[in-house]
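Enquirer: what follows is a predicted protein model with its sequence.
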Amino acid sequence: MKMRKPCKGRLVNVVLKNAKFWNGKSFELQSEVRLNACENAETVEFDCNGALVMPALFGLGLDFMEPLRDDVYTFADGFDAMRKGGFYGGLYESAANPIDDADKFTAMVNRFKSEERGEEAFDIKFLGAYSKGFGTDSLAEMVELAEAGVAGFGDGNGVIPHSRFLRLAMEYGKMTGKRFFFQPMDKTLRHSGCVHEGAYSDMLGMKGIPRIAETIAAYTVLETARFLQVPVHFKQVTCGETLELVRNARKNGIDVTCDVNLYHLLLDDSCLETLDSAYHILPPIRSAADREALWQGIADGTVNAISVNHTPVLRQDTVVNFEDSVPGALSLEVALPAIWNKLVAKVGEVRAIELLSTAPARLAGAESAGESVVVLAPEKTHKVLESDFAGHVCNSPLTGKELPSSILASYINGVWTEL
């Protein structure tokens, strides 16, 4: 049980009325639920009108760009997005800001703490880089990073390094006991591709990325993990063949986990017909058959968690030709209302909450949501507007689309946000 904090800032106590409150097994209609942040705080009352009150979410794949690219996005923007989307924490890894030594880790943590109660309001875990600058020339000080408190080691969502460097990194990192987080992608097979290699890339004359760019990289990582006995995680798996590699690896005793990106579950490469750069996401959105294979992996337990991979992109970098645009998509504000109904229909409420909240937190070594909750009206549709997003960017394939449900409010570690 957490000690009550002294009242300060925007901390409030909340009384939720007429809410279907999650009891750990199902949603139970309750006339009144009290959530207390601190003593002597203001009390806010909110009529949920039968909406769902569930544990707040934990986001895998957060990148708020600051400090190197604070012209794009800032920590304050990211915190605002988390409150809007009902996220109490996340696993942070910035491609522009590699945490490759203990001093950088300390500096990053201190930056978070200095931003609007960032230390108290959110449970943020950090991935350290296993190489200097996410390169392939020299290893990062992984032992120091582990002692400083990183959750694991990542690649900055870059391509898998050559096999010798991969082995050296995992061999050195093994002594820390931390998990390695990889986005499986072979550099030479990806080359300059930007979309899934298939019928639509052929029809539109776009450079494609074949499935084997992912599967060959995944196989290399798994063989290295088997040889060295190192735990690994695959970020943003996009195809059934990779999931089959994961299943077989587990049968052979390899400690491997994986996640699937929100947008890879919602979309397929038919969206490329619009030539809208909002669909420029890496790894690429694949075929309808691949999407169904991912859903099967969700259903049978192969997929451990659903990731958000929140990546801001400046407008000027999106209003260009598709192949010249910068890949990435915002997701924190829209993830829950976009996926909830479909996810529950396929796997049920217990598994849905596990995939969005408890399992991602467990992978990052974070605590559960506690009293942090999000209020969702599952049958209230909502059209996504540019103003729904935090900051001054709005790069999401869901902008302008109608979502099947709506977030009404969130209560994140004592901070109440009503939308």
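Expert: Happy to help now that I have it. Numbers count the residues shown, from 1 in each chain.
Enquirer: quick one, what contacts Lys104?
Expert: Residues in contact with Lys104, defined by C-beta atoms under 8 Å, 6 or more residues apart in numbering, are 97-98. C-betas here are computed from N, CA, C, even on glycine.
Enquirer: one more: Thr215?
Expert: By C-beta under 8 Å, 6+ apart, the contact list for Thr215 reads 184, 239, 241-242, 245.
Enquirer: and the helices in the protein?
Expert: 75-85, 102-114, 118-121, 142-148, 163-173, 187-190, 199-204, 212-228, 240-251, 262-266, 288-300, 335-347, 349-353, 359-364 (DSSP state H).
Enquirer: where among the ones you listed is average confidence lowest?
Expert: Among those, helix 118-121 has the lowest mean pLDDT, at a mean of 58.
Enquirer: would you list the helices of the chain in a markdown table and tack on distance to Ala329?
Expert: Shown next, in a markdown table, are those (distance: least, C-beta to C-beta, whole Å):
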| stretch | distance to Ala329 |
| --- | --- |
| helix 75-85 | 12 |
| helix 102-114 | 23 |
| helix 118-121 | 23 |
| helix 142-148 | 28 |
| helix 163-173 | 28 |
| helix 187-190 | 18 |
| helix 199-204 | 18 |
| helix 212-228 | 19 |
| helix 240-251 | 21 |
| helix 262-266 | 6 |
| helix 288-300 | 16 |
| helix 335-347 | 11 |
| helix 349-353 | 21 |
| helix 359-364 | 18 |
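Enquirer: looking at the contacts of Thr215, which is nearest Asp123?
Expert: Set against Asp123, the nearest of those by C-beta to C-beta is Pro184 (27.2 Å).
Enquirer: returning to that earlier point: with neighbour count and distance to Met203 as extra columns, can I get the contacts of Thr215 in TSV?
Expert: Output for the contacts of Thr215, formatted as TSV (neighbours: other C-beta atoms under 10 Å; distance: C-beta to C-beta, whole Å):
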residue	neighbour count	distance to Met203
Pro184	27	27
Cys239	26	20
Glu241	16	23
Thr242	25	25
Leu245	23	29
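Enquirer: from Thr381, how far out is Gln229?
Expert: 49 Å (C-beta to C-beta, to the nearest Å).
Enquirer: of the contacts of Thr215, closest to Met206?
Expert: For the contacts of Thr215, the nearest to Met206 is Cys239 (18.0 Å; C-beta to C-beta).
Enquirer: what sits against the closest one?
Expert: 211, 214-215, 286, 290, 293-294.
Enquirer: per-residue confidence at it?
Expert: Cys239 is given a pLDDT of 97.
Enquirer: ok, now which ones touch Pro312?
Expert: Contact partners of Pro312, counting by C-beta under 8 Å, 6+ apart, are 63-65, 72-73, 77, 328, 330, 391, 393, 395.
Enquirer: from those residues, pick the one nearest Leu376.
Expert: Leu376 lies nearest to Leu330 out of the contacts of Pro312, by C-beta to C-beta, at 18.8 Å.
Enquirer: residues near the closest one, how many?
Expert: Counted with other C-beta atoms under 10 Å, residues neighbouring Leu330 total 29.
Enquirer: and the gap between it and Pro397?
Expert: Applying C-beta to C-beta to Leu330 and Pro397 gives a distance of 10 Å.
Enquirer: report the beta-bridge partner residues of Gln30.
Expert: Bridge pairing for Gln30 (DSSP bridges) gives the partners Ala19.
Enquirer: what does the model give it for pLDDT?
Expert: At Gln30, pLDDT is 96.
Enquirer: Asn23 is in contact with that one, correct?
Expert: No: the pair Gln30 / Asn23 is not scored as a contact, 9.1 Å apart, by C-beta atoms under 8 Å.
Enquirer: so if I had to pick from the two, which one is more boxed in?
Expert: Neighbour comparison, Gln30 and Asn23: the larger count goes to Gln30, with 15 against 9 (by other C-beta under 10 Å).
Enquirer: okay, buried residues for stretch 222-236 please.
Expert: Under the neighbour-count criterion of 16 or more other C-beta atoms under 10 Å, stretch 222-236 has 222, 224-226, 230-236 buried.
Enquirer: of those, which pair is most distant in space?
Expert: Within the buried residues of stretch 222-236, two members stand farthest from each other by C-beta to C-beta: Arg226 and Gln236, at 22.0 Å.
Enquirer: quick check: closest non-adjacent residue to Phe134.
Expert: Of all residues not flanking Phe134 in the chain, Gly156 sits nearest, at 3.8 Å (C-beta to C-beta, 6 or more residues apart in numbering).
Enquirer: contacts only, for that neighbour.
Expert: By C-beta under 8 Å, 6+ apart, the neighbours of Gly156 are 93-95, 98, 129, 134.
Enquirer: distance check, it against Gly205.
Expert: Using C-beta to C-beta, Gly156 is found at 30 Å from Gly205.
Enquirer: got the contacts of Thr215 as JSON lines, with distance to Tyr172 columns?
Expert: Output for these, formatted as JSON lines (distance: C-beta to C-beta, whole Å):
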{"residue": "Pro184", "distance to Tyr172": "20"}
{"residue": "Cys239", "distance to Tyr172": "30"}
{"residue": "Glu241", "distance to Tyr172": "30"}
{"residue": "Thr242", "distance to Tyr172": "26"}
{"residue": "Leu245", "distance to Tyr172": "25"}
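Enquirer: ok, of these, which one's closest to Thr274?
Expert: Cys239 (22.4 Å).
Enquirer: could you measure that closest one against Thr188, distance?
Expert: If you go by C-beta to C-beta, the gap between Cys239 and Thr188 works out to 18 Å.
Enquirer: one more: Asn40?
Expert: 62 Å.
Enquirer: same deal with Val320?
Expert: Val320 is 26 Å from Thr188, by C-beta to C-beta.
Enquirer: more neighbours: these two, which one.
Expert: Val320 (11 against 8).
Enquirer: now the more buried one: phi and psi?
Expert: phi -140, psi -180 (degrees, to the nearest 10).
Enquirer: what residues are up against it?
Expert: Ser277.
Enquirer: could you measure from it over to Leu398?
Expert: In terms of C-beta to C-beta, Val320 sits 20 Å off from Leu398.
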